[in-house]
Each structure stands twice: as C-alpha cells, then as structure tokens.
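**Student:** Kindly return the folded structure for what I paste below:
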Amino acid sequence: MLEVMMGPPGSDSLAELCIGITAGLAVGLPAMRWYAGVRGNEPVPSRRAATLRSGVAMLAWLVLTAALAGKGVLANFDRFPPPVMPVVLASFALTFVLAFSRFGERLARDLPLALLVGYQGFRVVVEIMLHEAGDQGVIGQQMTWSGFNFDVVTGLTALVLGVWLWRRDPGKPQPRALLWAWNLLGLGLLFTIVMIAILSMPTPLRQFDGPPNVFVGYFPFVWLPTVMVTAALFGHLLMFRRLLAIGRSPTV
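**Tutor:** Below is the predicted model:
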C-alpha cells in the first residue's frame, strides 16, 4: 500500500482542493477525446479505444507522480537540480509530444473553439488554491495574485471569451487576431509563474524571500506542475494548432 507523505504545513482543505482540481482534469482529458471523436464522426470502436487509452495513460501518470512524491523521492531540495525538476521537465516534454501527436490533432481540429478557450477557466480555481496556500504560509506571496502571479487573468478571460465564442454566429469569420493575442498572453502569464516558482525554490537560483517553494515535491501538490500547469500548456498548444488551421480556413 502506498505510504503517503504530506508536505509543508497546510490545511486538509488545501490538499483536497488540489486533488479535486486534478481529478477534474484527469476526467476531462478522455471526455474531450470522446467528444472530439463524436464531432469528427469517428467510428465508435476507434473513438472508444482512443478514449480508453487516454484515460489509462492519464491514470498511469497520476499514479507515477503520486508514488514518487508520496515516498518522499521528490522532496529533497539539498541538491541541485532538485529531483522534482526532472519530473516537471519530463511532464512538459510529454505535453509537447501529446499536443503535436495525432491525439492532439484530433482535439485541436474537432473540439469547439469555445471549449478550447473556455477550458482554461480551470486556472481560476488553481489561483484560488495558490492564494489560500500563500495565506497559510505554504508558499511565498510572489506565487499568488497578491504578488507577481497574474495567471488568474487568463482563467477569467477564458470564461468570458469562451461564452462569447459559444454565442457567436458560427458563420462569421473567427476573430483570429483576438485569439492569437489571448493565447499568447495566457502562455506568457503561465511562463511567468513557472519561472517565479523555480526562482522560489531553495536552490542557488532562489531570488525570493519568505516560504520557499518546496510543496511541489510532496503529495498531492506535485500535481500542480505535473498536471495543472501541463494541462494549461496543452490547451495553449492546441489553440496554436487551431489558429493555424483558422488561418487556412477563416470559418474553422
């Protein structure tokens, strides 16, 4: 049985919120794959198999990262780079591979544009979690919206823009310039908080005072960089694929 090690001081509700967000994203990936197959008129057997594969792969990744963090393997920040960094880098690499695979092509092509945008609204809940972690002294304020993390803007604008696209006349050309600007802004804000998180770790690169960023090395908070951040990155990469397709056909 997996022996779970909880991380720095923090309420049970903080850990539960982290698990809840992760569970929603874990279910969302195969659900989106199924829906994309429906919209793309994919044969049911192929759709079912692809959805199952995506669900199993997601579950395997959750178990692997939870096992590493739960055993304390990722919580050692005495060496540089800390063990959590290779895992995070691997998750980013896998995200790029997935986004530019046939799987990513199916999602980018067949999911509604409103869903590709509105999906990023989950980042509002992530920012609420980080704000609560900051209030509890688990992380420094620089990693919250009280400091230098403004990624909540991406989540809020995603919800507004997603609803607007959903209600927009599908026969009209897509607002390509607006979508490019929004996607680049969101990616920039994501990159910013990732850099802040790295510069907040207790390593030679540290630039911020206050509580060090060590909670990402513990269960369940390891899922922040390995699931939540990668889910946001995955969404942006899919949007880039879709926007390039819109450039070839304005009504896509």
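**Student:** buried residues in stretch 88-107?
**Tutor:** Residues of stretch 88-107 classed as buried by neighbour count (16 or more other Cβ atoms under 10 Å): Val88, Ser91, Thr95, Leu98, Ala99, Phe103, Gly104, Arg106, Leu107. To be clear about C-beta, it is placed using only N, CA and C from the backbone, and glycine gets the same treatment.
**Student:** Straight-line length of that stretch, end to end?
**Tutor:** 23 Å (Cα to Cα, to the nearest Å).
**Student:** same question, stretch 129-147
**Tutor:** 14 Å.
**Student:** Please, which helix or strand holds the residue lying farthest from the centre of the chain?
**Tutor:** Of all residues in the chain, Gly171 has its C-alpha farthest from the mean position, at 31.0 Å, by Cα atoms, centre = their mean. For Gly171, there is no helix or strand it lies in under DSSP states H and E.
**Student:** and it, what pLDDT?
**Tutor:** Turning to Gly171, the model gives it a pLDDT of 77.
**Student:** try Phe234
**Tutor:** So Phe234 comes in at 98 (pLDDT).
**Student:** and the gap between the residue farthest from the centre of the chain and Leu115?
**Tutor:** Noted for Gly171: a distance of 19 Å to Leu115, by Cβ to Cβ, to the nearest Å.
**Student:** swap in Gly121?
**Tutor:** Taking Cβ to Cβ, one finds Gly121 at 10 Å from Leu115.
**Student:** what's the answer for Phe103, then?
**Tutor:** 16 Å.
**Student:** what's downstream of the host helix or strand of Met195, the next helix or strand?
**Tutor:** Using DSSP H and E, the element containing Met195 is helix 176-199. Counting by DSSP H and E, the next helix or strand C-terminal to helix 176-199 is helix 223.
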